[in-house]
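Participant: can you look at this prediction? I've put the sequence above it.
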Amino acid sequence: MAKSERAKELAAKQKAEAKALREKKRNSDNPRDWSTFRQIRESFKITREVDPQLIYWLVGAFLLATLVGLGVGLAMSQWIWGLVMGILLGVTAALYTLTWRTKKASYTRYKGVPGAGEVPLSMLNKKKWTVQPAIAVTRQQDCIHRVVGAPGVVLVADGDPGRLKPLLNTEVKRHQQVLYGIEVSTIMMGDGAGQVPMEKVQKQIEKLPAKLDKVEIAEVQSRLKALDAMKSRIPIPKGPMPTNMKGSRKAMRGR
């Protein structure tokens, strides 16, 4: 009898914990905790604020793909099969279009805002790249971000080139002192001569040639961790730095 009571108590406790976990995820602001439907809904809401024509793009993509599928089915004298295939293709096309427009809207929303370099860096594959935003910051909120991956270490300068060039050169030398010959690449983000526009930073990093294997990448990360521990970090100033930068990340995660 005692065992039965304990079993009931345990079952009730597990049920309560499961309910609490569901409630926590329901109220969480972390996209990883959201359901697929909520991720799509939030992406749509965030993107539509910047892209009023989003609904037309989504409907157009859905209808076009559905008609293609239906056309294939009619050509094979299987219109029902073609309709089902077309609807599935339509949903896929609409989701792909939403991802594309969300990404474009993120660039539009944050371009020119201090710290905006975090937007394209947040879109890198987390399994291949490690991003450390704002490892160095000027008083005017110009930032240098760091990316580590198979090509080595990439420092991305985000802000006024005149103020950032001396700081970027200092950071390159500081990193080279602990990396022992591993290349430190640099990218100056911007729309001027010799700069990389924000919307092209992600591709610019991804197309860099691979030079390190997983063991070497882990070693580099260990050295950088020690380097960061030795440096007194300058806190990011409060003010116009976007506090909802995670909005773009929410829109891009969980696909």
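Facilitator: Alright, I've got the coordinates.
Participant: show me what the mean pLDDT comes to for stretch 77-85.
Facilitator: For stretch 77-85, mean pLDDT is 88.
Participant: buried ones in it, by neighbour count?
Facilitator: Neighbour counts using 16 or more other C-beta atoms under 10 Å place 82, 85 of stretch 77-85 among the buried residues. C-beta here means a position set from N, CA and C on the backbone, and glycine is covered the same way.
Participant: and it, how far out from the chain's middle?
Facilitator: In this view, stretch 77-85 has its centroid 37 Å away from the chain centroid, taken as C-alpha atoms, centre = their mean, to the nearest Å.
Participant: excluding chain neighbours, what is closest to Leu88?
Facilitator: Gly69 (7.3 Å; C-beta to C-beta, 6 or more residues apart in numbering).
Participant: what's around the one you found, how many residues?
Facilitator: 21 (other C-beta atoms under 10 Å).
Participant: repeat for Arg6
Facilitator: Neighbour tally, Arg6, other C-beta under 10 Å: 10.
Participant: element containing it, please.
Facilitator: helix 2-27 (DSSP states H and E).
Participant: next: Tyr107.
Facilitator: helix 79-110.
Participant: quick check, distance from that helix to the centre of its chain.
Facilitator: For helix 79-110, the distance to the chain centre is 19 Å (C-alpha atoms, centre = their mean).
Participant: now swap in stretch 97-115 and tell me
Facilitator: So, by C-alpha atoms, centre = their mean, the centroid of stretch 97-115 is 11 Å from its chain's centroid.
Participant: now stretch 181-200: buried residues?
Facilitator: Buried residues in stretch 181-200, defined by neighbour count with 16+ other C-beta under 10 Å: 182, 184, 186-190, 196, 198.
Participant: ok so, going back, Ser222 versus the residue nearest to Leu88, what's the distance?
Facilitator: Gly69 sits 51 Å away from Ser222, taking C-beta to C-beta, to the nearest Å as the criterion.
Participant: circling back: between the buried residues of stretch 181-200, which sits nearest Leu89?
Facilitator: Nearest to Leu89 out of the buried residues of stretch 181-200 is Met198 (C-beta to C-beta; 32.1 Å).
Participant: mind checking how far that closest one is from Ile55?
Facilitator: Relative to Ile55, and taking C-beta to C-beta, Met198 is found at 26 Å.
Participant: check Arg48 too.
Facilitator: 7 Å.
Participant: ok, those two, which is more surrounded?
Facilitator: Legend: neighbour count by other C-beta under 10 Å for Arg48 and Ile55, higher for Arg48 (16 against 11).
Participant: ok so the more buried one is a strand residue?
Facilitator: No. Counting by DSSP: H, G, I helix; E, B strand; the rest coil, Arg48 falls outside a strand, being helix.
Participant: what's near enough to touch it?
Facilitator: Going by C-beta atoms under 8 Å, 6 or more residues apart in numbering, Arg48 touches 54-55.
Participant: separation between it and Tyr107?
Facilitator: Distance of Arg48 to Tyr107, given as C-beta to C-beta: 16 Å.
Participant: and Ile187, by the same measure?
Facilitator: Counting by C-beta to C-beta - Ile187 and Tyr107 are separated by 16 Å.
Participant: same question for Ala65.
Facilitator: Applying C-beta to C-beta to Ala65 and Tyr107 gives a distance of 25 Å.
Participant: kindly report the same for Leu227.
Facilitator: According to C-beta to C-beta, Leu227 and Tyr107 sit 31 Å apart.
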